[in-house]
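Trainee: dropping a prediction and its sequence here:
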Amino acid sequence: MKWLAIVCCALSLFAGAAFARDPVAVGDIPAAALSAEARATLARIKTGGPFPYARDGSAFGNREKLLPPRKRGYYREYTVPTPGARDRGARRIVAGAGARGDVRASGEYYYADDHYNSFRRIRE
């Protein structure tokens, strides 16, 4: 009976590890492959605005733990407009503050087109 408990424990640990999200396992997307709206949002981030949505520039908490772990406030989120959407839509760019603490020049940008369910690092 003791061996059964050990096997069950080992299997649950393995299953948890197999399905855990790896925060560094983020795919890439070339900036040139982004939609025109995403490229325009990225350009606005780099110039400091102006931004069309009130929540643009607000702290992104990384609660999904899909991005590399950083202290609170390191990441900022920006809306990528979705043509035809009546609300903000699901597309976002999340910008990291980088070593200098400035999202405008950090070069650390992530794109999500599914409301934070997955991210791809933007490569320029």
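Mentor: Done, it's in.

Trainee: ranges for the helices of the protein?
Mentor: When secondary structure is read from DSSP state H, the chain shows helices at 2-19, 36-47.

Trainee: least reliable of the ones you listed by average pLDDT, please.
Mentor: Note on these: lowest mean pLDDT is at helix 2-19, with a mean of 43.

Trainee: listing request: residues of this structure with sub-threshold pLDDT.
Mentor: 1-25 (pLDDT under 70).

Trainee: try it again with 80
Mentor: Within the chain, the ranges that satisfy pLDDT under 80 run 1-26.

Trainee: which stretches of it form strands?
Mentor: For the chain, applying DSSP state E gives strands covering 27-30, 58-59, 75-79, 92-96, 109-112, 120-123.

Trainee: partner strands of the first one, parallel or antiparallel?
Mentor: This points to strand 27-30. Using DSSP bridges, the strands paired with strand 27-30 are strand 120-123 (parallel).
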